[in-house]
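K.L.:
starting from these lines, generate the structure:
(chains A and B)
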Amino acid sequence: MVKTNNLTFKYKKEEAVFSFPSINIQEQENLLILGKSGIGKTTFLHLLAGILQPVSGSVVIDEVDLNTLSHAQLDKFRGKNIGLVFQKNHAITSLSVVDNLKARLFFSRKTIKPSEIDFLLEQLDLMETKNSKVNELSEGQLQRLGIAMAVVHEPKIILADEPTSSLDDENCNIVMRLLQQQAQKNNANLVVITHDARITSSFKNVITL
Amino acid sequence: MNNWTISLKNLLHKPLYAFLSIFSLSISVGLLLGIQQLDSSIQNQFTNTLGNIQMVVGAKGSPLQLVLSSVLHMDNPTGNIKYSEVEKLVKNPLVRTAVPLSYGDNYKGYRIVGTTAGFPKIYEAQLLKGKEIEHSMEVVLGNTVAQKLNLQIGDTFLSSHGLTKNAIEEHEQSFTVVGIYKPTYNVIDKLIVTNLSSIWDVHHHEEHEEEAVHEAHEEESHDEHLHDTHKNEDKEVTSILVSFRNPMGLMTMPRNINTNSNMQAALPKYELERLFRFTGVGVKAISWIAYIILLISCITIFISLYKMVRERAFDLALMRTYGASNFQLFRIVAFEGIVIVFIALIFGFLFSQIGLYFIISLFKSQFQQEVILTFSTVNMLNNILIVVIISMVSILLAIFPILKMNISKILSDEK
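P.N.:
This is a model prediction of the structure:
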């Protein structure tokens, strides 16, 4: 469950103040937030992830108000409960695919069986690259690794920032299908923020910034 | 998976950076540890060699040369002095021991020292086998000499004139090995010890032959008794090693000898301290070079870690989104630096020991001096502490930006 209330944000040394609509997503619901470039989509996502602190308003995830958490508690909370997917997918370059997933679990302070990691890799068609270095992966494989990293720790909310913007229609559909599958599998809320209107049909709940 | 594993994998991801940092830091650690260990080992060795020798009396010349030749057996003697002077010194109430030394011969480069029973006592040398010298032309070998020359009890050899290996000017009278000392790890291990009369006999025999040639036509009715008396008065030694009964001797005798005789008295402790002051300049210079290399290697560590923090800013920001705290990132990057420093300390120590092994071998072959490596734990810990502090400062400076890292900006900019 994700709820925001009158969120506003202002970057240091900048005049503009961003105001965001309040949202309320119930269990297993997904949300698409559409908006043009420069309107503050990524800022909103970072506020939801607790990466940025709002000037006013609140973000409540699973009945925990992020404003009430200390930095250390926020780091822990984010690690355990939030999965992030970025437009340009990255992973820790010095680690292999499987080590990236293990590192993700380590930072989340969660443990899962190796067989579960393998199962996830199978689902995302990454099994063959299990021991490959990140820089040996294709763009598509990297994208799927990004999704794996966002869901391996079984988060309560998956936040995706422009996950399909640079993809063709076919790959756009694949990525959206994978994200929704993984969210459903983990009983997690999926929040996608994008300017890509192609994926509007995949969501019941859509908000335009 | 843990912080250490991530650090190690990061380190191995850029092996050249890691190698350069470890290599340069190892060199500076090796130089620092090596030069100071060598310096203190040589000082210890020289100081041990002094034993209880408080004064050396010899022919006038350089006091340092007198000490080097008579105490450390490294240099040529300054000349000879009358044996009668030894007898006078022995009788002096301020003197506890006066050990005469006479040399001028060697066997295969090892010095033959004519002396008295007091000489091995200075170094607490004990017989490993055989017996002490009883007659002229008997020798007891220092342990290293016996081993290197493979000489056994009962073996005989002909000595050569001079203090360096020389097969041309061999004497005709042979020495017989009657004993071998246990190892003392002191200068006596490298000496062939005999009594004074052996040296006098070898040289008297030669002088006698020369005289026989030159004085063949002189009167046969030479008074034999008077001739012997004349020879006794002419007996010479190279130097006398003196220890005193009380500090009064040390305060008065050297000045008295230097002012009122044609001999010189040198104080070995003072002369060696003077020598160390000269060599200390070299030690200091090398130490400063090592400190400069240390600084450069720490700058290398700083640059590589700083560059890593900058280049992998997105990786670090990602880790924050995964739930890693600032402190955890701090530790991961710091561990990389710590691993570099730790490996460099081990390699530096190994470099220093390998370097010292070669230097000591050189010292052994060039100066016939066995240097026992002494290990000053305090000195080593001091040096390690300096290396660790400077390295840690450079590591902290390099990873400080992590604390100021703006994850949101890094993640947004990467798009």
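
K.L.:
now stretch B:384-394: buried residues?
P.N.:
Within stretch B:384-394, the residues that qualify as buried are B:384, B:387, B:390-392, B:394, counting by 16 or more other C-beta atoms under 10 Å in any protein chain shown. For every residue, glycine as well, the C-beta is placed using N, CA and C.

K.L.:
oops, could you answer that again for stretch A:189-197 instead?
P.N.:
A:189-194, A:196.

K.L.:
so which of those residues sit within strands?
P.N.:
A:189-194 (DSSP state E).

K.L.:
closest to residue A:124 among the residues you listed?
P.N.:
residue A:190 (15.7 Å; C-beta to C-beta).

K.L.:
pLDDT score for that closest one?
P.N.:
Per-residue confidence (pLDDT) for residue A:190: 91.

K.L.:
would residue B:151 count as being in a strand?
P.N.:
No - in this structure, residue B:151 is coil, not part of a strand, as judged by DSSP: H, G, I helix; E, B strand; the rest coil.

K.L.:
which residue ranges of chain A form helices?
P.N.:
Under the criterion DSSP state H, chain A contains helices at A:41-48, A:71-81, A:97-108, A:114-123, A:139-151, A:169-185.

K.L.:
and the ones in strands among the buried residues of stretch A:189-197, which two are the farthest apart?
P.N.:
Largest separation among those by C-beta to C-beta: A:189 and A:194, giving 16.1 Å.

K.L.:
do a quick rundown of the strands in chain B.
P.N.:
B:55-59, B:81-82, B:95-107, B:110-115, B:127-130, B:138-141, B:156-161, B:170-181, B:192-195, B:236-237, B:239-244, B:263-266.

K.L.:
redo those as CSV? Include mean neighbour count, distance to chain A and mean pLDDT.
P.N.:
CSV is the format used below for those (neighbours: other C-beta atoms under 10 Å in any protein chain shown; distance: least, C-beta to the nearest C-beta, whole Å; pLDDT from 0 to 100):
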stretch, mean neighbour count, distance to chain A, mean pLDDT
strand B:55-59, 24, 66, 91
strand B:81-82, 20, 76, 88
strand B:95-107, 22, 64, 87
strand B:110-115, 25, 61, 91
strand B:127-130, 15, 61, 90
strand B:138-141, 26, 63, 93
strand B:156-161, 18, 68, 84
strand B:170-181, 18, 62, 85
strand B:192-195, 26, 65, 92
strand B:236-237, 22, 75, 87
strand B:239-244, 24, 67, 92
strand B:263-266, 22, 65, 90
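
K.L.:
pipe these into CSV and attach distance to residue B:15 per row.
P.N.:
CSV is the format used below for the strands of chain B (distance: least, C-beta to C-beta, whole Å):
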stretch, distance to residue B:15
strand B:55-59, 58
strand B:81-82, 67
strand B:95-107, 55
strand B:110-115, 51
strand B:127-130, 54
strand B:138-141, 54
strand B:156-161, 58
strand B:170-181, 54
strand B:192-195, 56
strand B:236-237, 66
strand B:239-244, 59
strand B:263-266, 58
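
K.L.:
and those strands: which comes nearest residue B:365?
P.N.:
strand B:110-115 (12.8 Å).

K.L.:
just the angle between that closest one and strand B:95-107, please?
P.N.:
Relative orientation of strand B:110-115 versus strand B:95-107 (axes from the mean of the first three to the mean of the last three C-alpha atoms, to 10 degrees): 150 degrees.

K.L.:
so who does residue A:184 touch?
P.N.:
Neighbouring residues of residue A:184 by C-beta atoms under 8 Å, 6 or more residues apart in numbering or on different chains: residue A:28.

K.L.:
now it: how far from chain B?
P.N.:
Distance, residue A:184 to chain B, by C-beta to the nearest C-beta, to the nearest Å: 22 Å.

K.L.:
and if you look at residue A:125?
P.N.:
For residue A:125, the distance to chain B - C-beta to the nearest C-beta - is 22 Å.

K.L.:
so what's that residue closest to, chain neighbours aside?
P.N.:
residue A:144 (6.5 Å; C-beta to C-beta, 6 or more residues apart in numbering or on different chains).

K.L.:
which residues sit in contact with that neighbour?
P.N.:
A:124-126, A:178.

K.L.:
so for residue 35, what's the pLDDT?
P.N.:
Since you didn't name a chain, this refers to chain A. 86.

K.L.:
right idea, wrong chain: chain B
P.N.:
80.

K.L.:
with residue B:225 instead?
P.N.:
So residue B:225 comes in at 39 (pLDDT).

K.L.:
run through the chain and note the low-pLDDT ranges.
P.N.:
Since no chain was named, I'll use chain A. Of all residues in chain A, none has pLDDT under 70.

K.L.:
can you look at chain B instead?
P.N.:
B:162-171, B:203-233, B:367-370, B:413-415.

K.L.:
let me see the domain layout of it.
P.N.:
B:3-46+B:279-414, B:55-266 (automatic domain parsing).

K.L.:
now residue 192. Nearest residue, chain neighbours left out?
P.N.:
Since you didn't name a chain, this refers to chain A. Using C-beta to C-beta, 6+ apart and skipping the chain neighbours, the partner closest in space to residue A:192 is residue A:160 (4.5 Å).

K.L.:
please refer instead to chain B.
P.N.:
residue B:112 (4.5 Å).

K.L.:
ok, that neighbour - contacts?
P.N.:
So residue B:112 contacts B:103, B:105-106, B:139, B:159, B:175, B:191-192, B:194, B:198-199 (C-beta under 8 Å, 6+ apart).

K.L.:
tally of neighbours for the closest residue in space to residue B:188 that isn't next to it in sequence?
P.N.:
Using C-beta to C-beta, 6+ apart and skipping residues adjacent in sequence, the residue nearest residue B:188 is residue B:123, 4.4 Å away. Neighbour count for residue B:123, taken as other C-beta atoms under 10 Å in any protein chain shown: 19.

K.L.:
so how far is chain A from residue B:123?
P.N.:
For residue B:123, the distance to chain A - C-beta to the nearest C-beta - is 60 Å.

K.L.:
tell me which residues touch that residue, please.
P.N.:
By C-beta under 8 Å, 6+ apart, the contact set of residue B:123 is B:51, B:184, B:186-188.

K.L.:
show only the entries of those found in helices.
P.N.:
Among those, no member lies in helices (by DSSP H).

K.L.:
any chance of these in TSV with distance to residue B:6 and neighbour count as columns?
P.N.:
Output for those, formatted as TSV (distance: C-beta to C-beta, whole Å; neighbours: other C-beta atoms under 10 Å in any protein chain shown):
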residue	distance to residue B:6	neighbour count
B:51	59	18
B:184	56	20
B:186	55	21
B:187	57	26
B:188	59	27
